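> Using only what follows, build the 3D model:
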Amino acid sequence: MIDLHTHILPGLDDGARTLADALDMARAFVSDGVTAIAATPHVRDDYPTSPDEMLRGVDALRQALDEEGVELTILSGAELAVDWIARLDGVELRNLTLARNGRYVLVETPYYGWPLELVERLLGLRVAGFTPILAHPERNGVVQGNPSLLAPLVRGGTLVQVTAGSLDGRLGRTTRETALRLVATGLAHLVASDAHTPDVRAAGMRSAVDAVEDDALAQWLVEDVPRALVAGSDLPPRPPTP
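Numbering: from 1, shown residues only. A predicted model of the protein is given here:
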């Protein structure tokens, strides 16, 4: 499995605090069956991570994993707050895309409300040649009340990532129902952990796969689509499902 939303870089945001935390998270990923992850620290007012800080963190973690013999591929990336998108120039945005492929960029869904600015910024990214990936919209109350709100965004080219802990119920019943509905209706394209610590929100990808209850679709969500995103390629066709 490939997990493209984690907060594993120590000391950059509200994720791993120390290198020891990051190594414990990496071991948890490996034990869960994950072979590669993207380190996606927050880029927002409380954690204004720069591309250089992120890249230095990725290099340092790769070296530490090699020294510890932990076989986990670390890719670069970031989770951009909506109001930060306009503050970044084209070079900075490209350096913050997943695996620095210059195409796919992870955007944080606000937890409250549905601001017009969100739709405008997603469209702006598309116009600039980037493909936005909307992170964990199933945890937003407005989306929970009306999941079809995402349909026009998806038709316009935005991709949707749901959280593993949403699918398996760790984040609550309503969040789980919304996540499953997004998957069932084709409004979700990949599953990621959004792991912040080595415990409850770390890993958990295997339990999300079990929650999908369709092997072909689960593989598409956690392997096929993430692999294409890392390569900067178009998405593979979604498998037919009942």
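
> Which positions in the top helix by length along the chain come out as buried?
Identified as the longest helix of the chain according to DSSP state H is helix 51-68. Neighbour counts using 16 or more other CB atoms under 10 Å place 51, 53-54, 57-58, 61, 64-65 of helix 51-68 among the buried residues. To be clear about C-beta, it is placed using only N, CA and C from the backbone, and glycine gets the same treatment.

> Check which element follows the helix or strand encompassing Ala28 along the chain.
For Ala28, the host element (DSSP states H and E) is helix 19-31. Remark: after helix 19-31, the chain's next helix or strand is strand 36-39, criterion DSSP H and E.

> Can you check what angle separates the helix holding Ala28 from helix 51-68?
70 degrees (axes from the mean of the first three to the mean of the last three CA atoms, to 10 degrees).

> isn't Asp24 right up against Pro198?
Yes - here Asp24 lies in contact with Pro198, judged by CB atoms under 8 Å, at a distance of 3.9 Å.

> Compare those two (neighbour count), which wins?
Between Asp24 and Pro198, counted using other CB atoms under 10 Å, the more crowded position is Pro198 (20 against 17).

> Who are the contact partners of that one?
Residues counted as contacts of Pro198 (CB atoms under 8 Å, 6 or more residues apart in numbering) are 21, 24-25, 27-28.

> As JSON lines, these with distance to Arg238 and pLDDT would be great.
Shown next, in JSON lines, are those (distance: CB to CB, whole Å; pLDDT from 0 to 100):
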{"residue": "Asp21", "distance to Arg238": "36", "pLDDT": "95"}
{"residue": "Asp24", "distance to Arg238": "35", "pLDDT": "95"}
{"residue": "Met25", "distance to Arg238": "30", "pLDDT": "95"}
{"residue": "Arg27", "distance to Arg238": "32", "pLDDT": "94"}
{"residue": "Ala28", "distance to Arg238": "29", "pLDDT": "93"}
